[in-house]
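> Turn this into a model:
(chains A and B)
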Amino acid sequence: MAKTVRVKINGQQHKVEQGTRILDYLLKQEVDHPHICYSEVLGPIQTCDTCMCEIDGTIMRACSTEIEEGMNILTSSELAKAAQTEAMDRILENHLLYCTVCDNNNGNCRVHNTAELLEIEHQTRPYRGKGYEVDMSHPFYRYDPDQCILCGRCVEVCQDLQVNETLSIDWEREMPRVVWDDGKSINESSCVSCGQCATVCPCNALMEKSMLGEAGLMTAIPKDLLDPMVELIKEVEPDYKTIFALSEVEAAARDKRTKKTKTVCTFCGVGCSFEVWTKGREILKIEPTENGPVNSVSTCVKGKFGWDFVNSEQRLTTPLIRKGDAFVPATWDEALTLIAEKMGNLKQIYGGHSLGFVSSSKTTNEDAYLMQKLARQVFESNNIDNCSRYCQSPATDGLLSTVGYGGDSGTIKDIARAGLVIIIGANPTEGHPVLATRVKRAKKLHGQKLIVSDLRKHEMAERSDLFLHPKQGTDYVWITAIAKYIIDQGWHDEMFIKKHVNQYHEYLELLEKYTLEYAEEITGLSKEYLIETAKMIYKADGTCILWGMGVTQNVSGSHTSAAIANLLLVTGNFGRPGAGAYPLRGHNNVQGSCDMGTLPQWLPGNQRLSDDRAREKFEQAYGVKISKKPGLTNIEMLEAVEKGELKAMYLMGEDMAWVDSNSNHVHETLSKLEFFVVQDIFLTKTAQFADVILPAAPSLEKDGTFTNTERRIQRLYRALDPLGESKPDWWIIQQIAKYMGVNWNYEHPKEIMEELADLAPIFAGVSYERLEGWNSLIWPVQKDGTDEPLLYTKRFNFPDGKARFSLVEYVPPIEFAHEFDLTLNNGRLLEHFHEGNMTNKSKGIQYKLPEVFVEISPELSKERGIQDGSLVRLVSPYGAIKLRSLVTDRVQGKELYVPMHSASHENAINLLTGSVGDVRTQTPAYKQTKVKMELINVKGSKPLPLYNPRYAKRNPQLGVQVERKWKRNDYEPIADLNISVDRK
Amino acid sequence: MAKPITKVEAPVFNEKEKQNQALEKVLQDLSRNTDGIKETIKLLQELHESGILGAINNLVEAKEDVAKIAVEQMLRPPVTNALNNAMAAAGVLTELDPEITKKLVGGLSTGLQRAEEGLRANKKVNVFDLVKLIRDPDVNRVVRFSIDLLKGLGEGLKD
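Okay, here's the model as predicted:
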């Protein structure tokens, strides 16, 4: 219990918790106190000096001074106001207030608002430029040093929140400015285009290029007219009150046409939320705010800048029907009639099990729920699956068998506060960027420890305290060996196991053969490393294990996931803050898609098909019989097509032709479907096989909810009208049901959520009212709205409330013929999302990362006579691709890496992967691909352009280092005390 | 049975449909505002016949150049001076107490009346008259007022 102190603020008595900073308290009380550089998420930066207040007669900053007993604080006394005005005067020396014609005059410009608040009338220091050119080199944003107030918010966010460590302010120059790396241009620096610097910039010094000349009513004025106008304003010298009045008028007018809508990102599973600003159909910018529950002001390049696809010319805008060798535009009526006719007939003749339904991990919960309902109620089929089949099904399986829920144990906050984070087979700085930033920040500022196990030395591996590089596919062994070692040393949580976990004795028996020697032999990891890992887990106050495709996309994916859960159970790392299992879900709504029952063995709300009571509930609600027999997975559906048993498929939002393994085989199989309906926003490779193509609307064009990897449900609001004849997926599915004779009559997605909440206990308390605005709920949600961010605090999800050790064994990787001597690792990179269908429509992203390539280790390149740009052919038992090489030490020895952002027959990775999958869930073992390499041409152009940030060197430092500013000769302190603040 | 195809036929009639739809919307708006539309048409016709509409069109087309010229002109020192003076004068108006201004103006009008009478009377003033007049409370008052006014002006000029 923190103690409270009594203080006087502006003459009134207040009781405040000890240690609260003055500004935090004032903001909570909704007092308008001036401040520019401070944000709660960044902490006190102390560069702007505008938050000065009078405390017991001395001048101190409100942002960094903690409230103490008996303080007498005056926020607008003469002394305070003089200090604040002096600070503002210095700022205006650096910044020209041409607000009326400024693209940042949108109501949230801090410099503008604070100058207004301080009632600045004139400035004593005249404005002067800094003598640097505007940096327009980067495709997405620009820096104007002449408007920069040197507040360092951009530096703070880059160094300590995003932790890409590119920006700094060179305080020792005569004229300081923000620099990228050691003074490079933005485009040639290590900047990863996350956009956070532009987001937190309190004025227009850093601006998104999409805003320039577009946001304001008069900002598109060309320079040779604008400059004289600005000159005029300077010559005529009206007082600032007049200038502000004018700019307020302009802002009010512009507000009428700038629409600001809250949405949730459509890319990865982190679930960032932010505002999207639109003007008509044009997307002005993405504006994250501190209200975003997961990300606050953070984004990555895709979420901040990757939305060109929404207005791409290649968007499908009308239904298409195959006629001969072309797709012919059709009306909705024509398309729906044809679908109902064909699929209805097939159902009548062959039954529901001759039809297959593939749901999307990108569409909303409401879209997914209706897909499931269509399959089960209208077509009486359990053949429904989604893309988790290709990625995290093994993790779900492993967790279901041990702790009872197939999702993350806690939230991003738990990951940030863990004593130790272990990342196995995942690359979060590229796959879950904002989540990775919180891990990097915890390490940089709070000493969190990090262990990484991977084949590749990616950014997290570089930053780790311990980097394990086991042989591909052997993670189960070292994880289990460490569990055994911990128990042997007596480092396990005996009480926790006794109280909460079943099958301990059987588990001990299993452990016997997993000695350190055995682990060393199988995995290639030295005993020392294994012991060090065990020690770090033992010493840590809470361990979070994050894992990804490196674990799951193997024949032993589910077994290894269970082994991870076992290790966490052994060490008592469940049901407490800062600990748990975190399989990182890849898509924005793959968790939601699974929760909605778009799986062959599951009903909505994570209720098993085999659970008679649950099934009866749905039978009653839907008025049909639902078979107890599990339906077919994606993989099995394709097998059934080969056998002639599956006649038709309805697929939504999935480029199966490129993301399923063994593309050649998949293409052949898809051609054999009697009837194929594909619903998407682009004419993907998969759609090329369709008989009917239906144009769908992406996230910005509809209402609904997404569920992220934390199990957090968030609402997205419609910002744009669907383009052309495209429609939200739920509308389309409802129409198909209607044409099949079943009338659902939903008018808005909120009704769909209401129905779901009725039928699924873990969603009982979920409603659109409760999710309004920035609110979110983490399931399970009780009827009264109580949600559960941290699982297992009271019990595990089994009838007896106890977890159980999994007793599955190690499954060694697939064997390949000797000629295939190289291990082909694969995955995604930061800039593109998956196979790139959405991100390759963004000019800027294509510019930074145009093509795929194969990463080859320096050792291997020497051995084979390969250099950067060499054209090589990679051949596996299943196919071949041709692509250019990139020699890098990110990969070692005989291990290669090919990113997956290609939708081309030349070099899509899945032309090489095979059809063997995880033993329990069939997830293809993408990572267990072996190839042989043929050199075609030694000389060639580098596939990764030199202005890609991977070549540049970062510039780490701790924040903006305001102490260096204070040391300057020309700095006269305003505060009576300048103290460095401890990084909290 | 479908081999992969990529050819999409251009939806020619769809374009026409879209056009018709758009036109529909415009016609709807027009029909709801017939009177205003009719008046506007009359106005436009007048402006057109007199040549004004053409001139305006050309002016707006040349908006950038015109604006440049306007701003250039405004930037010339004589103009910026005038603007600054106007703003300074406006500033004075904000500072003056309206009560005093009323009194001054009232006093001035009374004074003018008197002065006019005096003019018609054509009286002459000598030095002794001056000394006597200083003692006149009304004259004294205005002399005191003027001297204080000069003093204040002198103070203001000091900065």
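
> Chain B contacts on the stretch 551-700 of chain A?
With C-beta under 8 Å from any C-beta of the partner chain as the criterion, the stretch 551-700 of chain A comes near chain B at residues A:657, A:667, A:670-674, A:676, A:683, A:685, A:688-691. Using the backbone N, CA and C atoms, a C-beta is placed for each residue, glycine as well.

> Same list (those residues) but as JSON lines, adding neighbour count.
Shown next, in JSON lines, are these (neighbours: other C-beta atoms under 10 Å in any protein chain shown):
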{"residue": "A:Ala657", "neighbour count": "24"}
{"residue": "A:His667", "neighbour count": "21"}
{"residue": "A:Leu670", "neighbour count": "25"}
{"residue": "A:Ser671", "neighbour count": "15"}
{"residue": "A:Lys672", "neighbour count": "16"}
{"residue": "A:Leu673", "neighbour count": "22"}
{"residue": "A:Glu674", "neighbour count": "17"}
{"residue": "A:Phe676", "neighbour count": "26"}
{"residue": "A:Leu683", "neighbour count": "21"}
{"residue": "A:Lys685", "neighbour count": "24"}
{"residue": "A:Gln688", "neighbour count": "21"}
{"residue": "A:Phe689", "neighbour count": "27"}
{"residue": "A:Ala690", "neighbour count": "28"}
{"residue": "A:Asp691", "neighbour count": "21"}
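
> could I get these as TSV with secondary structure and pLDDT?
TSV is the format used below for those (DSSP: H, G, I helix; E, B strand; the rest coil; pLDDT from 0 to 100):
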residue	secondary structure	pLDDT
A:Ala657	helix	96
A:His667	helix	96
A:Leu670	helix	96
A:Ser671	helix	96
A:Lys672	coil	96
A:Leu673	coil	96
A:Glu674	coil	96
A:Phe676	strand	97
A:Leu683	coil	96
A:Lys685	coil	96
A:Gln688	helix	96
A:Phe689	helix	97
A:Ala690	coil	97
A:Asp691	coil	97
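
> Export stretch A:47-63 to CSV, keeping only CA atoms.
Below are the C-alpha coordinates for stretch A:47-63, written out as CSV (Å, rounded to 0.1, in the frame of the first residue of the first chain):
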residue,chain,number,x,y,z
THR,A,47,13.9,19.1,-23.1
CYS,A,48,11.0,21.5,-23.7
ASP,A,49,11.0,23.2,-20.2
THR,A,50,7.4,24.4,-20.7
CYS,A,51,6.0,22.5,-17.7
MET,A,52,7.7,24.7,-15.1
CYS,A,53,5.8,25.4,-12.0
GLU,A,54,6.5,27.2,-8.7
ILE,A,55,7.1,24.8,-5.8
ASP,A,56,7.7,26.4,-2.5
GLY,A,57,9.2,29.4,-4.2
THR,A,58,11.5,27.5,-6.6
ILE,A,59,11.0,26.8,-10.2
MET,A,60,10.9,23.1,-11.1
ARG,A,61,9.5,20.9,-13.9
ALA,A,62,6.1,19.3,-13.2
CYS,A,63,6.9,16.3,-15.4
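
> Pull out the buried residues from it.
Buried residues in stretch A:47-63, counted by 16 or more other C-beta atoms under 10 Å in any protein chain shown: A:47-55, A:59-63.

> And stretch A:518-531, by the same measure?
Those would be A:518-520, A:522-523, A:525, A:529-530, for stretch A:518-531 by 16+ other C-beta under 10 Å.

> Reformat the buried residues of stretch A:47-63 as TSV; add secondary structure and pLDDT.
Listed next are the buried residues of stretch A:47-63 as TSV, based on three-state DSSP; pLDDT from 0 to 100:
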residue	secondary structure	pLDDT
A:Thr47	coil	96
A:Cys48	coil	96
A:Asp49	coil	96
A:Thr50	coil	96
A:Cys51	coil	96
A:Met52	strand	96
A:Cys53	strand	95
A:Glu54	strand	95
A:Ile55	strand	94
A:Ile59	strand	96
A:Met60	strand	95
A:Arg61	strand	96
A:Ala62	coil	95
A:Cys63	coil	95
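
> now, which of those sits nearest chain B?
Lowest distance from chain B to the buried residues of stretch A:47-63 (C-beta to the nearest C-beta) belongs to A:Thr50, with 27.5 Å.

> thinking that closest one is in contact with A:His35, fair?
Yes. Contact criterion C-beta atoms under 8 Å: A:Thr50 and A:His35 qualify, at 6.0 Å.

> Among the buried residues of stretch A:518-531, which lie within helices?
If you go by DSSP state H, these have A:518-520, A:522-523, A:529-530 in helices.

> burial measure for B:Leu153, as a count.
Using other C-beta atoms under 10 Å in any protein chain shown, B:Leu153 has 10 neighbouring residues.

> same thing with the one 5 residues further on?
The burial metric for B:Lys158, expressed as a neighbour count using other C-beta under 10 Å, is 6.

> Flag every residue of chain A that's near chain B.
A:222, A:224-225, A:228-229, A:231-232, A:235-238, A:318, A:320, A:322, A:325-329, A:657, A:667, A:670-674, A:676, A:683, A:685, A:688-691.

> still on that earlier bit, and the residues of the stretch 551-700 of chain A next to chain B as a markdown table, adding distance to A:Ala803?
Below are those laid out as a markdown table (distance: C-beta to C-beta, whole Å):
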| residue | distance to A:Ala803 |
| --- | --- |
| A:Ala657 | 40 |
| A:His667 | 43 |
| A:Leu670 | 41 |
| A:Ser671 | 46 |
| A:Lys672 | 45 |
| A:Leu673 | 43 |
| A:Glu674 | 46 |
| A:Phe676 | 43 |
| A:Leu683 | 47 |
| A:Lys685 | 43 |
| A:Gln688 | 47 |
| A:Phe689 | 44 |
| A:Ala690 | 45 |
| A:Asp691 | 48 |
